[in-house]
Structure formats: structure tokens, C-alpha cells
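S.K.: Provided below are the primary sequence and the corresponding predicted coordinates.
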Amino acid sequence: MEELRRLIEDLSSPAAYPHKADDLEVHHTHISVVFLAGEYAYKVKKPLDLGFLDFTSLDLRLHYCREEIRLNRRLAAQVYLDVVPITVGSSGLVLEGDGEPVEYAVKMRRLPEGATLRERLARDGLDPSVLKDLASRIADFHREADSNEEIARYGRWDVVAENARENLSQSQDQVGRTVSEPVFERLGASLETRLEQIRPLVEDRAERKIPCDTHGDLHLDHVYLFPDRPPPDDLVVVDCIEFSERFRFADPVSDPAFLAMDLIHHGRPDLAQDFSDTYLQASGDDEGRELFPFYRSYRAAVRGKVEGIASAEEEVPEEERKSSEEASRRHWLLALSELEEAGARPGLVLVSGLPGTGKSTLARGLARTAKLHLLSSDRVRKGLAGLEPDAEASAAFGEGIYTQEWTERTYGSCLQEVRERLFRGERIVVDATFREERWRRAFLDEGLRSGLPTLLIVCRTPEEVVRDRIARRTDDPSDADWRIHQEVASRWEESSPATLRFTVELRTDDTEEEVTQRALTHLRERGLADRV
């Protein structure tokens, strides 16, 4: 990789470019280096053989640069300009220079990062109508894409199964680092079960030549929105798979499943559902719905694999490696979640509410009936203080072991345990007040960004019932009395719209059994409990 390091060093200088490149940036993927230079972007392929691709010779890299231009002009004609040489100049390597090429780059128009759907989603500025337009556009793209006997061959069950299994076989070295051993083993077993379930449909669709020449890498970072431009230039889709027909020739639902997976990974399963439904309606392919969970899992595993590869590449800056490792961990969890039955898949339930509203009782009930690991903030707090769970530690609001500092330690410890247990693929219910919105968001994000079913239940109970409950408490880890209840209520922070999307309010003044059953209904709706 010494030649690659020299190339990166030389092309990191504005002097290497035939135009003004003062705002030069260098970005890595697991297979490419991208140089953002002024109004253009240049992508250089790394000299790698990863099994699923081979860029080891200059001729191969030139071939795939040309393929990248040809294929991406289908959905981004104005972006992909040319394949240009990298040559030796007077003071180092230069782009578009004279002489014998030592490397090649794909030259593109530089697109603003803020225009990606991922960035718009992060700013909560992604209108659902945009996704519906995109879904219709992708359905049209598939309708016009090449489809024949040779392409359909790649959609056969044995090829589909090989691709899915390959993600696991090529990721064995990640076990224990980006994916835990229990998650990896469960994913392998669930994958085999699902492959057998979908086998007849996959074979039938291949027989009917439904597989086509897809995009192959359709996620939020690859879609740009320019609302001021007329269609079709308002939506630009870049960076399709150019290096492998085996991955690009596929069932068309694998494309929208990828983007749906990415929406779930970024905490918006609601948008993922809308996008998927619109695609299926626009394509007239309702039978494809049955394949969506498999392909969402497959695409999540692909991202888990490639992010894991990027996290181990020495030429990638440390901060980017850490980010890739975290992304890999979350994608492996999502891959498992898509295949397991609702009552077994990893997930996170937060049970919150004012003291005396029955949140602890509900949390215990859900832990028992839905097989969730119970994590109690009261018990964690006392454990940190070296106390037994039932030890008396009463204090005025904000004093004793209930100061802000102690609360920070308690919630931080709970969050770390949630993170570790989710990594192992566990199902968790957290019993805590969650008075502050920032802690609600921190815990919700931990589940949502892993693409796992995640829910916040807020317990509501009439005051007279609360007073009676608090008065009758015995052998309870909570030290809160009626005065503390009122203090907490006066300081309760309202939830943001982003939090409310994943929140249900539950009346908890009925019997324990009735309240638990109502809560289980919400868990079933979110895929966290088996249907009765």
C-alpha cells in the first residue's frame, strides 16, 4: 500500500489539480479514495482484492472506472464526466497531466454534502413526499433496466444464497470487534431459515426474468435532492455497483430494500414503510413485499461487512475508522433484527413516568411476559452508592444520592449497560423516570440507530391513585414520596417531536395484568412481541 499512500499524499496538494482546488478534502471508503477539489470530485480505486472485487491491476482499475461512468450515467448523467489519467509531474503525481498514466480516476461534478437525503434527514428536513417521488423514480428505472436470461441467472436462489452467506464468511475476523459472537451465530442460523422460506418465490421470479440491472448500492448518502431543479434533475442518484455483475444483477426489490434499511438504521422506520409501500405500488410488484425483510437484512450485513473492513484500514484516519466500527456494529444488529421472530429479536423498551405511576410494576411485567432483561435505574443508582436495592436513602429533591451528579452517573451507567447488552443481541426494558428529554433521546437513539425496534412508554395515572400507591409502598427500591412526585412533576421536560414519534402514553391505574396487556399490544405493533 506504499504506492497508495504516496498517491494520497501527492493528490492532497492543490498543486496536483489542473484547476483551482483550495478547499481540498480527502475521503475514504473501503474500496476508494475520493478527492474533493473545487468544483470537481475525483475517485481513485484502491488496489485491493477483497474476494467480491479485484482492483489489483491498473488495467482492472481502468476498466472499472469506465464501467462506473457508463452505469452511473443512468441516474446521474450530468455528474459523471470522464475517466482521467494520473501521471508523474515535476513535483509529484498530478491529475489530467501529460505522459504515461500510473493511475486513473473517475472525474465527477462535486455535489454539496448538504444535499444528500442523509443530511436532510439529520436536519429533520426530509419531506415524505420526496421519498415517494424517489420510490416512483426507482420503479421507473427498474422498468426500463436491462433484463434477460443472463441477468436472471444472477437472481437464482443459489446465487442469492451465496451472496448472503458470503457476507458472513468474509466477516469472520470481525467477530468480537464489530459483531458479537452470539449475534453472529444467531444471524447465521436465522439466515438459513429465511433462505429456505423464500426459495420458491426467488426461483419463480428468476424464471419470469424479474431480476434486472439494478443500482446495487441505493442508500441515503447516494441520493441528492435539488428542489430548485425540474425533474429528473431534482433527484440525482450516484455510486452504483460497478465492480460486480453478481451484486448488481439482482431482484429489483433489493434496491428499495437497501434504502428502506438505511432509513431504519437512521431511526425512521416510519419513512421506510412509506417508501417501501410507494415503490411496491408504483412497480405493481406486491408479491415482492415478502422479500423485503430478507433484502433489508442482506443489505445491512453488506454495510456491516464493508464498514468493518474500512475500520481496519491503516490509511483511513483514526476518527473515520472509529466511525466505521460503530456503524458496522449497528448494521450487524439490524441484519439480525430483520430475520428473527418478534419475540426473539433484540430491542429496547423504555418505561418512564413520575414516581408512583406504576412504571416499575409495568417494567417488571413486560420483562416477565416479553422476555426482556430488566434494568432499573433505582437499583443501578443504589449499586453505584454501595447500597442494597431496598436500603433506605430518602432525601429531598436534588440531595443525597439524588443530586444532578448522581443522576448523571446513574443514567450514564444504564446507557452503557444498554449499549453492551444490545451489542450481544439482548432485549432490554429500562425502568427510569426519564424526566429530562436529553436522556430520553440518548436511550432512544441507542436503539434506533441500530435499526432495532425501540419504544418509549410514558405512564400516566390520576393523582389520587399515585398518592395511595406511594403511601402503601413496602420493600421498594424507590425512595420517592408524594413531595418528590410533585417536585419531579414541576420539572418535567416536554418531549420533542422526534421523541414523540416513538412514544406511547399508557394509563396505568388498572390492574397490573390489564396494563401489561395494553403495553404488549404496543410492543407487537413495533415487532417486539409475538402475535397472540
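M.R.: Sure thing, it's come through.
S.K.: only C-alpha atoms for contact and neighbour calcs from this point on.
M.R.: OK.
S.K.: which strands and helices sit next to the helix or strand hosting Tyr411?
M.R.: Using DSSP states H and E, Tyr411 falls within helix 404-423. If contacts are counted by 3 or more Cα pairs under 8 Å, 6 or more residues apart in numbering; DSSP states H and E, helix 404-423 sits against helix 318-339, helix 377-384, strand 427-431, helix 437-448.
S.K.: Ramachandran coordinates for Leu263?
M.R.: For Leu263, the backbone dihedrals (degrees, to the nearest 10) come out as phi -60, psi -40.
S.K.: That one and Gly451, how far apart?
M.R.: Using Cα to Cα, to the nearest Å, Leu263 is found at 9 Å from Gly451.
S.K.: Leu62 too?
M.R.: Taking Cα to Cα, one finds Leu62 at 37 Å from Gly451.
S.K.: who's more crowded, the two?
M.R.: Gly451 (30 against 21; other Cα atoms under 10 Å).
S.K.: ok, for that one, nearest residue in space, not its chain neighbours?
M.R.: Spatial nearest neighbour of Gly451, chain neighbours left out: His265 (4.3 Å); criterion: Cα to Cα, 6 or more residues apart in numbering.
S.K.: tally of neighbours for that neighbour?
M.R.: 23.
S.K.: Contact partners for Ile264?
M.R.: Ala272, Leu448, Arg449, Gly451 (Cα atoms under 8 Å, 6 or more residues apart in numbering).
S.K.: same thing with Ala161?
M.R.: Leu195.
S.K.: In three-state terms, label it for me.
M.R.: When classified by DSSP: H, G, I helix; E, B strand; the rest coil, Ala161 comes out as helix.
S.K.: And the pLDDT at Glu287?
M.R.: At Glu287, the predicted lDDT confidence score is 97.
S.K.: how close does it sit to Val202?
M.R.: Taken as Cα to Cα, the span from Glu287 to Val202 is 11 Å.
S.K.: which of those two has more neighbours?
M.R.: Neighbours were tallied for Glu287 and for Val202 using other Cα under 10 Å; the higher tally belongs to Val202 (21 against 11).
S.K.: So which elements touch the host helix or strand of the more buried one?
M.R.: Using DSSP H and E, Val202 sits within helix 181-207. In terms of contacts (3+ Cα pairs under 8 Å, 6+ apart), helix 181-207 is packed against helix 149-153, helix 157-169, helix 318-339.
S.K.: That helix: which residues count as buried?
M.R.: By neighbour count with 16 or more other Cα atoms under 10 Å, helix 181-207 contains the buried residues Glu181, Val183, Phe184, Leu187, Gly188, Ser190, Leu191, Leu195, Val202, Glu203, Arg205, Ala206.
S.K.: quick one: contacts for Thr29?
M.R.: Thr29 sits next to Ala310 when contact means Cα under 8 Å, 6+ apart.
S.K.: measure it to Ile309 for me?
M.R.: Thr29 is 9 Å from Ile309, where distance means Cα to Cα.
S.K.: And for Phe502?
M.R.: Distance from Phe502 to Ile309, by Cα to Cα: 33 Å.
S.K.: Same drill for those two, tell me which one is more crowded.
M.R.: For Phe502 versus Ile309, the count of surrounding residues by other Cα under 10 Å is larger for Ile309: 23 against 18.
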